[in-house]
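Asks: please work out how this folds:
(one chain, ligands or ions: 1)
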Amino acid sequence: MPSLTLAEARTRAAQLSDVSYDVEIDLTDLQTFGSRVTVRFACTGPETFLELHRGQDVTVTLNGAPVDAAYDGARIPLTGLAERNEVVVDARLPYVSDGDGMHTFTDPADGERYVSAYVGVDITQRVFACFDQVDLKAPITLRVVADPAWTVLSNSAVAMNQADMWEFAPTPPIPIDLFVLCAGPWHSRTFQHGGLPMGWHARRSLAAELDRDFDELRRITEQCFDHYAGIFDEPFPFDTYDQVLVPELNWGAMENPGCVTFRDEFIPRGRITEGERTSRAMVIAHEMSHMWFGDLVTQTWWEDIWLNESFAEYMGFQVSEDAAGFAGTWVGFQITHKPRALVADRRRSTHPVAPLPEDVPDVDTASTNFDAISYVKGASALRQLVTWMGDEDFLAGVNAHLTKHRFANATLADLVDALDAASPREVRAWAEVWLRQSGHDAIRVERDGDVPVLVRDGIRPHRFLVTAYDDALVELDRRVVDLDVEPVRLDGWAGRVVVPNAHGETFARVQLDELSWSAVEDGLGALEDDLARSVLWATAVDAVATRDLQVERYLALVDRHLPAERHVDLISTVVEATLGPVLSKRVPAHDAAAVHERVAVACRAGLDAGGDPVTFSRALALASRDAEELRRWLADQRTDHDVALDPQLRWRVVRRLAGLGELDARAIEEERRRDGTSNGDLGAATALASRPTEEAKAEAWAVLVEGDVSNRRFSAVAAGLWPAEQAELAAAYLPRYLEAGPRWAARGPAFSQVVGHAFPAFHLDDAQLDLLREALAGDVPTVLRRYWQDVLDDRT
Ligand SMILES: [Zn+2]
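Replies: All right, here's what the predicted structure looks like:
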């Protein structure tokens, strides 16, 4: 299938204007859905084309006359165009189970069916024929025929609903990749706020969970809404605000105008922890900020993904803290997000936060750039920009930009112009080094005698807080420094431990001097400030990845300070990083079990010392090699530290026991029946695949190669098939995975990401790394190729 190129998009955008869509979707048939669209547009050229993916029984009329031109399964050529045109495309299209298109899901808990259009870059054409590029923004009027017992949600308010027919009000001009339609017997909680109808919706079998969390979800929604209404000059741009918790979404959430979709894992059964509530609040704030950044003002082409994502990511963390009352959100950013961005910025696939349009030559390449650079490094850069130019000037520039380009498209240059006009500072020069150059700087601590000196290796100016501690890491003093070409002497702090960027205002590697680092090794757990501790844990995770820190010194830090850790994000992320990237990159496969054991010992010590029981128990369930301990938990339905086994913890225990060879297929099936939900089906799939036998691996593989396996089931099986401790047993499946990858990737860009994420977790030896190199020398589709290249860079 051809992937839309920048040149094609520019040609089409130059010719077309005044585009609008009337879309009619018929969901009554279970095999295929009906898709009829009337596209109206003005055109200055004789020909163009519409995209439509895998349409069946396609008929096209142009200005009332039938069009016979060959439809190749991807594009509908349109020739002989007039100044104003009306095209009608009628087709039947397939439903999907991979999250790229009209996704269907049947809930095993109650047999109810849900149908939602999950679109995004290059995917709307799987739902109706369209000009699938974001700079041809258009009003969309939607009519849907569906089961009369259902609720149907879309980007705008329902204008009319009679029996099985829903008609929605025309939207303002919106980018085509943010169309949405969610149909099914949703459980809905609706309310009014700010003069708008709002709602939270989830599938019926999660009604109890939505009801449990509704007051909080509503409060966060209202507080974020009021906050944005206060800081932005432009009013909320749409006529409704629904938030739908949907099954099997590939992304965390999607910022469709007026109707945001979230993966429904955000309302887990059983308990929801403080850490999960905080990150959910962050995502709610992130998506709502997109209503202005991305939806009201949209990038022109995909080089400016960062304009949406960096901004939303920055706002998500800041606003969930400032407006929704979740203190300490930046702690999570430092430890779970920033290390990923530093790793990404060292790969060959790194790119500037804002690349040139020519560096994103087609939409497949665009799909690969929804990465840690566009989200995390970009958000860090914006945080640095705000630190450097001040909140007031930043918002003045942003507001001028939003007003000037409302309901239209804009570029980096437009935003920089607006910020520059609002600030006495040289924003253009700042943007050149921060946004146009890839790679990251390092901030090092040196000593001149006893006096600490900060040195920058790199090209960017940095403004940040530097903190001085005594030998026991008790804070003594802090000051703001501007570090550029000239080193900064910290007179008055002779002999002190110093930590630059201890609150994370800038984006750089931090390299402490030996005096400071050994104080951290001795006293990290005692350091009071959560944010400074998260910066230091992140520094350790980064240093072990770059081989600047020996694995043994890193593990000693875990042994010594994890048990005393108080912040739940720090506990869970350090454990996941240790059992994930640290193992797969730095620890030979035969030592994987020993590392699990060390982490388990640290978690038990944390529990015995009175550490957060839920977080340490969940972590222990990932690491424990003590089958008796885990069996006891299952039998008692609670851990040794009296934490009840809710579904999430119970499935971790079941998977772990299965992985240790201590649970057979019959016992796993009993657990699945006992659970009875889609989540239970997935838990069982992972547990079955985890069993350390040849037969179990063969059965798991057979599921992966089923033609229509769903995205979630694929991920669940892969999560059990090749864990770090089963390298020898699972080795045979690495070449098979590499061989099958390109075939799987043909299903679509989102499924390609699922396949990439499923890469074997065990440590690859030299011969296995060569297999990966050989696979990359062959024909691998763009999105999957990017994943595999990144794995190669991360593990060598
Ligand atoms: Zn986003």
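
Asks: what about the closest residue to Val445 other than its chain neighbours, how many residues close to it?
Replies: Distances taken as Cβ to Cβ, 6 or more residues apart in numbering place Asp513 nearest to Val445, at 4.4 Å, with adjacent residues excluded. (Each C-beta comes from the backbone N, C-alpha and C, glycine too.) By the measure other Cβ atoms under 10 Å, the count of residues near Asp513 is 15.

Asks: do Leu196 as well
Replies: Using other Cβ under 10 Å, Leu196 has 15 neighbouring residues.

Asks: does Glu446 have beta-bridge partners, and which?
Replies: On the basis of DSSP bridges, Glu446 is bridged to Val453.

Asks: which residue ranges of the stretch 51-200 of the chain form strands?
Replies: With DSSP state E, counting those that start in this stretch as the criterion, the stretch 51-200 of the chain has strands at 56-62, 65-66, 75-78, 84-94, 101-106, 113-118, 140-145, 151-154, 158-162, 165-168, 181-184, 187-193, 196-202.

Asks: next, the angle strand 113-118 makes with the fifth one.
Replies: So the one you mean is strand 101-106. Per axes from the mean of the first three to the mean of the last three Cα atoms, to 10 degrees, the angle that strand 101-106 makes with strand 113-118 is 160 degrees.

Asks: ok, residues contacting strand 101-106?
Replies: The contact list for strand 101-106 (Cβ atoms under 8 Å, 6 or more residues apart in numbering) reads 33, 53, 93-97, 112-119, 123, 126-127, 203, 247-248, 678, 710, 748.

Asks: just the buried ones from those?
Replies: Buried members of these, counted by 16 or more other Cβ atoms under 10 Å: 33, 53, 93, 95-97, 112-119, 123, 126-127, 203, 247-248, 678, 710, 748.

Asks: residues contacting the nearest residue to Ser188 once chain neighbours are set aside?
Replies: Closest residue to Ser188 apart from its sequence neighbours, by Cβ to Cβ, 6+ apart: His201 at 4.7 Å. By Cβ under 8 Å, 6+ apart, His201 lies in contact with 151, 153, 182, 186-189, 210, 242-245.

Asks: so for His201, what's the pLDDT?
Replies: His201 is assigned a pLDDT of 98 by the prediction.

Asks: which SSE is the residue nearest to Asp779 when sequence neighbours are not counted in?
Replies: Leaving aside its sequence neighbours, Asp779 sits nearest to Pro742 (Cβ to Cβ, 6+ apart; 6.4 Å). Taking DSSP states H and E as the definition, Pro742 sits inside helix 733-745.

Asks: for the next helix or strand after that helix, list every residue counted as buried.
Replies: Note on helix 733-745: by DSSP H and E, the next helix or strand toward the C-terminus is helix 749-757. For helix 749-757, burial by neighbour count (16+ other Cβ under 10 Å) applies to 749-756.

Asks: could you do stretch 475-486 as well?
Replies: Applying 16+ other Cβ under 10 Å to stretch 475-486 flags 475, 478, 483 as buried.

Asks: for Arg347, what are phi and psi?
Replies: phi -80, psi 160 (degrees, to the nearest 10).

Asks: so what's it closest to, chain neighbours aside?
Replies: In space, and not counting its chain neighbours, Arg347 is closest to Asp793: 4.3 Å by Cβ to Cβ, 6+ apart.

Asks: could you do Val485 as well?
Replies: Here the nearest residue to Val485 in space, its sequence neighbours aside, is Arg456; by Cβ to Cβ, 6+ apart that works out to 7.4 Å.

Asks: and that neighbour, that's in a strand?
Replies: Yes. Checked against DSSP: H, G, I helix; E, B strand; the rest coil, Arg456 lies within a strand.

Asks: shouldn't it be in contact with Ile443?
Replies: Yes. Using Cβ atoms under 8 Å, Arg456 is in contact with Ile443, at 5.7 Å.

Asks: where does pLDDT dip in the stretch 101-250 of the chain?
Replies: For the stretch 101-250 of the chain, no stretch has pLDDT under 70.

Asks: interface residues of the stretch 451-600 of the chain facing the ion?
Replies: Proximity of the stretch 451-600 of the chain to the ion, by Cβ under 5 Å from the ion, involves no residues.

Asks: so the closest residue to the ion within the stretch 451-600 of the chain versus Val614, what's the distance?
Replies: Using Cβ to the ion, the single residue of the stretch 451-600 of the chain nearest to the ion is Phe507, 18.6 Å away. The gap separating Phe507 from Val614 is 32 Å, by Cβ to Cβ, to the nearest Å.

Asks: neighbour count: the two, which is higher?
Replies: Between Phe507 and Val614, counting by other Cβ under 10 Å, Phe507 is the more crowded of the two (26 against 21).

Asks: got a list of what the more buried one touches?
Replies: 338, 341, 377, 380-381, 384, 440-441.

Asks: just those residues: which are in strands?
Replies: Asp441 (DSSP state E).

Asks: which one of the contacts of Phe507 sits closest to Val319?
Replies: Of all those, Ser380 has the smallest distance to Val319: 16.5 Å, by Cβ to Cβ.

Asks: what number of residues lie near the residue nearest to Asp779?
Replies: 17.

Asks: got any residues that touch both of Arg456 and Ile443?
Replies: 462, 483, 508.

Asks: just checking, which of those belong to strands?
Replies: Among these, the ones falling in strands (DSSP E) are 462, 483, 508.

Asks: so what does the residue lying closest to Ala253 once chain neighbours are set aside look like in phi/psi?
Replies: Using Cβ to Cβ, 6+ apart and skipping residues adjacent in sequence, the residue nearest Ala253 is Phe262, 4.4 Å away. Main-chain torsions, Phe262, degrees, to the nearest 10: phi -120, psi 150.

Asks: one step back: and of the ones in strands among the shared contacts of Arg456 and Ile443, the nearest to Val535?
Replies: Ala508 (11.1 Å).
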